[in-house]
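A.B. asks: Take this sequence and fold it.
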Amino acid sequence: MSELALAVFASETGTHLVRPPRGERWRSFLRSFDERAYFERLAACGHRFLARSSPDFPPLLRAIHDPPAGLFLRGEGEPGLLARAAVAIVGARASSGYGASVARSLGRELAAAGLVVVSGLARGIDAEAHRGPLEADGTTVAVLGCGIDRDYPAAHAELARRVAGAGLIVAEYAPGVEPAPWRFPARNRIVAGLCAATVVVEARERSGALITADLALEEGREVFAVPGEITSALSAGTNALLKLGATPLTGAGDVLASFGIQPEPAQSERSPLLELLPASADELVRRTGLGADEIARTLVELELAGRVTVADGLYRCMGL
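C.D. replies: So this is what the prediction gives:
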């Protein structure tokens, strides 16, 4: 049985298949399917196919209960990078500025430490999770919920190009497959399946990110959740995960420790903001003349690095 044929058949019929189906429709498809010609068309478009039986197929993904027949690949990375130590960073599409900063900082720090950062190329947390590794010249993988030839959302075409240049874009769906609501939960099992750990940064109560977390838990993978304000709808999902036993995430070091990676020593240079603490974010904006976004981003980075702490809106140097 050709795993490529099974992947193409599933894509064309809109079905979720782990094994060949029974029936004349499948047999008829097999009789007409020209595998060599299809491979040639893929190559002409710069795409590849990694079959589930290939020795390069990621072992963690093969181990899930419903692995795809294979993955279509786009990008400069070799298939072997999908077997490297990887962490998924997922969360809300309509994220807060804080959540976006956390996702980007985590992506940057984890990739700088050698981990592959996996996400879904969606708006919000996913996009920032990809941008962080790109800033660190690290490796990131985007998993699509549509055909491998599509950039979804279209507004992320440039981000997709950069991800492909630094890693891989993958999909279980053949070229030409349109996005559909049911394909995204299926996509999430691949995001979780590629990774030994999943980080949920922000999520509403019924967020797709929670599907990814549930799938990771089902496979016995570690799940981290970023604690959030109890009054924020964007924190309802992550705080619920914490109640269910997810590991609270207070910095990139928590994730690195789960992989047995020793975090790099903190940079010796002091941020100018540290000299102005204790202070609120608004006070720092007024006193420095910097934009609120830049201040927020720097404070998140300092917090994740364990150099500042915040309580009641007031930022202090650690130990003060």
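A.B. asks: And the strands in the protein?
C.D. replies: 47-51, 70-74, 86-90, 116-119, 140-143, 168-171, 197-200, 222-225, 247-248, 308-311, 314-317 (DSSP state E).
A.B. asks: Of the ones you listed, which shows the lowest average pLDDT?
C.D. replies: The weakest mean pLDDT among the strands of the chain belongs to strand 308-311, with a mean of 80.
A.B. asks: Describe which strands that strand pairs with in its sheet and in which direction.
C.D. replies: Partners of strand 308-311 in the sheet, by DSSP bridges, are strand 314-317 (antiparallel).
A.B. asks: What would the strand it pairs with look like as CSV? C-alpha coordinates only.
C.D. replies: The C-alpha trace of strand 314-317 is given here as CSV (Å, rounded to 0.1, in the frame of the first residue of the first chain):
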residue,chain,number,x,y,z
LEU,A,314,4.4,47.1,40.5
TYR,A,315,7.6,45.7,39.0
ARG,A,316,10.6,45.1,41.3
CYS,A,317,14.0,43.6,40.8
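A.B. asks: Could you list the buried residues of that strand?
C.D. replies: Using 16 or more other C-beta atoms under 10 Å as the test for burial, strand 314-317 gives residue 315. Every residue, glycine included, has its C-beta placed from N, CA and C.
A.B. asks: Which residues does it contact?
C.D. replies: 274, 277, 278, 279, 280, 281, 284, 299, 307, 308, 309, 310 (C-beta atoms under 8 Å, 6 or more residues apart in numbering).
A.B. asks: Where does pLDDT dip in the protein?
C.D. replies: In the predicted model, the chain carries pLDDT under 70 at residues 1, 264-270, 318-320.
A.B. asks: Can you lay out the strands of the chain as a markdown table showing distance to residue 14?
C.D. replies: Formatted as a markdown table, the strands of the chain follow (distance: least, C-beta to C-beta, whole Å):
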| stretch | distance to residue 14 |
| --- | --- |
| strand 47-51 | 19 |
| strand 70-74 | 16 |
| strand 86-90 | 25 |
| strand 116-119 | 25 |
| strand 140-143 | 19 |
| strand 168-171 | 14 |
| strand 197-200 | 27 |
| strand 222-225 | 30 |
| strand 247-248 | 37 |
| strand 308-311 | 48 |
| strand 314-317 | 51 |
